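>>> Build me a model:
(chains A and B)
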There are 2 protein chains.
Amino acid sequence: MNITGQLLIGATEEPGTQNPIFAVNPATGTRLEPAFLGGDEAQVEKACALAEAAFGPYRNLPAEARARFLETCADNVLDLGDALVERAMAETGLPRARIEGERWRTVGQLRLFAQVVRDGDYQDARIDPALPDREPLPRLDHRYRKLALGPVAVFGASNFPLAFSVAGGDTASALAAGCPVIVKAHSSHPGTAELVGRAIQAAVASCGLPEGVFSLLFGSGRQVGASLVAHPVIKAVGFTGSQAGGTALMAIAAKRREPIPVYAEMSSINPVFLLPEALVERAEAIGEAHVASMLMGAGQFCTSPGLVIAVKGEGLDRYLASAAATLEQAPSQTMLSPGIHAAYLDGVQRVSSAKGVQPVARSQSAEGSCQCQGGLYKVAANDFIGNEQLVEEVFGSLSLVVECENADQMFDVLAQLEGQLTGAIHAAEGENPALVSRLIAALELKVGRIIWNGFGTGVEVCHAMVHGGPFPATSDSRTTSVGSAAIERFLRPVCYQNMPTQFLPSALR
Amino acid sequence: MNITGQLLIGATEEPGTQNPIFAVNPATGTRLEPAFLGGDEAQVEKACALAEAAFGPYRNLPAEARARFLETCADNVLDLGDALVERAMAETGLPRARIEGERWRTVGQLRLFAQVVRDGDYQDARIDPALPDREPLPRLDHRYRKLALGPVAVFGASNFPLAFSVAGGDTASALAAGCPVIVKAHSSHPGTAELVGRAIQAAVASCGLPEGVFSLLFGSGRQVGASLVAHPVIKAVGFTGSQAGGTALMAIAAKRREPIPVYAEMSSINPVFLLPEALVERAEAIGEAHVASMLMGAGQFCTSPGLVIAVKGEGLDRYLASAAATLEQAPSQTMLSPGIHAAYLDGVQRVSSAKGVQPVARSQSAEGSCQCQGGLYKVAANDFIGNEQLVEEVFGSLSLVVECENADQMFDVLAQLEGQLTGAIHAAEGENPALVSRLIAALELKVGRIIWNGFGTGVEVCHAMVHGGPFPATSDSRTTSVGSAAIERFLRPVCYQNMPTQFLPSALR
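Have a look, this model is predicted:
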């Protein structure tokens, strides 16, 4: 399949009219063809009008038809074969195994949501039958189910060119809910986006769906992205990216005549607590595992462990020695884009130059373009507390170890943090249970997922996953963007009172 | 129990320091003692600090303890006896039967949520067990449950001095979720608010709960209300009132460092469709029933039927004659406050002077203070369409009948409407099923509840109720403010990964 650089609007393709976007191979700095011209207002309008027209028929499809469409999308993504893998590798610098793993996850998500649609539980059907003899007043029959919100704007994420991009988790859950989707492709992997977009476009056609179920637009976030979020047809937004980007979309959505929900997954430093007995038992193993986690994907995961919190002492010193030795042997890695690499260098500079911060170890350096030389630093809790610069995310392989005077001070450090996607606890059998319980209770208020003896990297796509958390981890802590519960973001309830069976939705008959 | 005019902050009471508020008996114009001095910033701060301190212990209470607290609140409200009923009648002008009915509903809501807490289903527990042998990677154990968001600010509603005020649906559902509540009393029924507030304060004490579980503040929305919504401790807002008030709170919430959800139930004109066969079969009965519904509570219900849509002809003429005859015999009614009465008069003027609007009937007039003389008007659909003034809510007994040229034009009228709480369909057995299905599909996108052969007034408190709808009916169409699903507004999910059983929350063991 050729990559043409055209917008996919419903069943058609057409070139944009605005500034061209080119992908860049971050490992080489080479510009990749073709040019992707950005879309204009009229093209946003056209995609929105098609989505509006498609919404009625699409949301009322039988469950089986919607499930088969999701499965067809999955099949078509797989059918892109190695062309997709190679283009994604070239555009992101990510290794083959990672891209193939992400493709597996993307396809798995689409198939999981097909099953969610077939099960139908997501509609949360509730029936309160009539009670004609109730005193003082009879009760009428009331029935409740959830239905689709309307067309959804999805923003592709730079760090997941497949699993949180054109056919990623936001798209899959919105389509499963019955919402047409308009994707604003991330400008760092437009070719990957077009290939996957064509796979969905073909699925829409072969399943006989209205063309407006899916469109793919290229262009800048400030133009195409902002226009989409402001458009009256759009009823919800899915976004994974920076805090600046997410809060900008939230502001646009809040200023609309009809404000709409924005599901923005933004920034998190994912605190990791090392409890005393765990350090006694296995400080070295934790150090190795931590470094492995922080190096995954060059640290370009939302759940990368950026902060380690522990009481100072011999155990923590053993952990630091182990982590340093592991990190120093690790090669540098290619980051996703020159922009992300530049921001990483700024972040390293910000952390390393902060008061009281000391270097522990760096991974190996390399000459190439966009190289991430992972960094491990440490700081005393007394210097960490009150320094707001140190609680901001550095996107990339960087961890800061906070050395506390005692266990109580670990809670002072946690209190300074804003909302997080994950928090991890490393503990041993002999750990003080009161300390553990207190830590869990404190983490419950700060994070969406609490991990026992592990790290946040590796987000399972399952029913019980929460990839969410209080602001600024996300814009809406009531939701998750990974796992089957992600569909709830795109639904709203409707009650049917005293309705004859023949006119009830099938889930309520 | 004496009414003292003091703020209830945790277990204490203290006078405010700002401008005094007095209730006014709307039927007589008489000022009611005592004065309620508005709270100041320090008092908001004190209530918030107590709520924050109470949150941890309160959210972790055993279900049975939280359920018993809600039931104690219900018992204590009942124990206020006739003093509560008389004060509420004096402050609102509502008749005894209505106030007693509302007390029954308020107590019923508290007890329903006690049952919801005991059942525990609201936690939406999900368990994905470990799959150690899964390929290519093993799956760890993941468990999910919902927990309380944090302290909630609740704004008392003018039109429900009991059921949507201090111990009303927002308070009951937030307390059930495990959230401390700070109520900003509505200034039109402060004495009623204080009595109920003392009932809850006593329940907090007798149940041995931390005092910050509940506080009651008096003062203006622009001062006390705005300070509360902006306070970092507050994690969600419940509001029932005007669109101007609700959107002001939404703007404050959106501008916080940590934006929070605002559940504002605002304005709705609740379209009622009269289909052709229904008019043939029972035009007169529908006319009588419609007038009875629009006169309920002087039309001061969010679900009052403000718009009737039908195809013109003999059937509609029969309906109009019946409705007119019924309305003309109805006495005037006392409205809730001079401010609401003045706004009603403005609304009647706005509608009655609009192009093409013709008077059909008024109810009887009366000389007293704050009298609502219900009004029925009609307009041709050609004049309705494009006139934005006619889609705005008039709070009070007013209905506008839109006469359409044909069935298709009914959909043009509906398309002009913004989001609504309810939509009603009056139909007979011989109705064209395609027309009915098309109407239901169109209403599903506009309303939270679709009523068959009835009216939206009379909101059942049950599991399947949706008292919600797209903006501006509410600020968040994904939720309901009445019924057991209202608890979901105050919850967020947390996932526990690989957690030993002893540290899991009880719902997940």
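>>> Wait, A:Met335 touches A:Gly93, no?
Yes. With contact defined as CB atoms under 8 Å, A:Met335 counts as touching A:Gly93 (6.7 Å). C-betas here are computed from N, CA, C, even on glycine.
>>> Touching both of these two, which residues are there?
A:26, A:370 (CB atoms under 8 Å, 6 or more residues apart in numbering or on different chains).
>>> Between these two, which is the more surrounded one?
A:Met335 (31 against 27; other CB atoms under 10 Å in any protein chain shown).
>>> count of neighbours near the closest residue to A:Gly238 other than its chain neighbours?
For A:Gly238, ignoring the flanking residues on the chain, the nearest one in space by CB to CB, 6 or more residues apart in numbering or on different chains is A:Asp170 at 3.2 Å. By other CB under 10 Å, 32 other residues sit near A:Asp170.
>>> how much space between A:Asp170 and A:Ser227?
18 Å (CB to CB, to the nearest Å).
>>> Same check on A:Gly356?
From A:Gly356 over to A:Ser227 (counting by CB to CB), the distance is 46 Å.
>>> In terms of neighbours, single out the busier of those two.
When neighbours are counted by other CB under 10 Å, A:Gly356 and A:Ser227 differ, and A:Ser227 comes out ahead with 22 against 14.
>>> check contacts around the more buried one.
A:41, A:44 are the contacts of A:Ser227 under CB under 8 Å, 6+ apart.
>>> any idea of the mean pLDDT for the helix or strand encompassing it?
Under the criterion of DSSP states H and E, A:Ser227 resides in helix A:226-230. Confidence over helix A:226-230 (mean pLDDT, whole number) is 98.
>>> what do you get for stretch A:50-59?
On average, stretch A:50-59 scores 98.
>>> Spell out the residue ranges of the strands in the stretch 151-300 of chain A.
For the stretch 151-300 of chain A, the strands defined by DSSP state E, counting those that start in this stretch cover A:152-155, A:181-184, A:214-217, A:236-240, A:262-265, A:271-274.
>>> Pipe the ones you listed into CSV and attach mean pLDDT and mean neighbour count per row.
Formatted as CSV, the strands of the stretch 151-300 of chain A follow (pLDDT from 0 to 100; neighbours: other CB atoms under 10 Å in any protein chain shown):
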stretch, mean pLDDT, mean neighbour count
strand A:152-155, 98, 30
strand A:181-184, 98, 28
strand A:214-217, 98, 30
strand A:236-240, 98, 28
strand A:262-265, 98, 28
strand A:271-274, 98, 26
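>>> looking at the ones you listed, which is closest to B:Leu390?
The closest of these to B:Leu390 is strand A:236-240. By CB to CB, the value is 29.4 Å.
>>> What pairs with that closest one, parallel or antiparallel?
strand A:152-155 (parallel), strand A:262-265 (parallel) (DSSP bridges).
>>> list the contacts for A:Val181?
Counting by CB under 8 Å, 6+ apart, A:Val181 has contacts A:51, A:151-154, A:170-171, A:174-175, A:213-215.
>>> pretty sure A:Leu390 contacts A:Ser353?
No. When contacts are counted by CB under 8 Å, A:Leu390 is not listed as touching A:Ser353 (11.1 Å).
>>> Which one of those two is surrounded by more residues?
Shown here are A:Leu390 and A:Ser353; by other CB under 10 Å, A:Leu390 has more neighbours (26 against 9).
>>> quick one on the thing from earlier: the helix holding A:Ser227: how far from the chain's middle?
20 Å (CA atoms, centre = their mean, to the nearest Å).
>>> got the phi/psi numbers for A:Cys462?
phi -150, psi -180 (degrees, to the nearest 10).
>>> My guess is the residue nearest to A:Gly238 contacts A:Ser481. True?
Yes. In this structure, A:Asp170 is within contact of A:Ser481 by CB under 8 Å, at 6.5 Å.
>>> what sits in contact with each of the two?
A:164, A:238, A:240, A:263.
>>> Rebuild those as TSV, extending it with distance to B:Gln420.
Output for the shared contacts of A:Asp170 and A:Ser481, formatted as TSV (distance: CB to CB, whole Å):
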residue	distance to B:Gln420
A:Phe164	35
A:Gly238	27
A:Thr240	34
A:Tyr263	25
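>>> Tell me the one among those residues nearest to chain B.
A:Tyr263 (11.4 Å; CB to the nearest CB).
>>> what about the helices in the stretch 101-250 of chain A?
Taking DSSP state H, counting those that start in this stretch as the test, the helices found in the stretch 101-250 of chain A are A:169-177, A:190-206, A:226-230, A:243-255.
>>> residues touching A:Gln364, list them.
A:328-332, A:373.
>>> now, among these, which is nearest to chain B?
Using CB to the nearest CB, the contacts of A:Gln364 come closest to chain B at A:Ala330, 21.3 Å.
>>> Would you agree the closest one falls within a strand?
No. A:Ala330 is assigned coil when assessed by DSSP: H, G, I helix; E, B strand; the rest coil, not a strand.
>>> Please verify my assumption that it contacts A:Arg362.
No. Look at A:Ala330 against A:Arg362 with CB under 8 Å: they stay out of range, at 9.3 Å.
>>> and A:Pro20, backbone torsions?
According to degrees, to the nearest 10, A:Pro20 has phi -80, psi 150.
>>> so how far is A:Ser187 from the residue nearest to it when sequence neighbours are not counted?
In this structure, A:Pro20 finds its nearest non-sequential neighbour in A:Ala35, 3.8 Å apart by CB to CB, 6+ apart. Going from A:Ala35 to A:Ser187 by CB to CB gives 12 Å.
>>> Give me the common contacts of these two.
A:Ile21.
>>> These two: which has the busier surroundings?
A:Ser187 (21 against 16).
>>> Pull up the gap between the more buried one and A:Phe22, please.
From A:Ser187 to A:Phe22 the distance is 9 Å (CB to CB).
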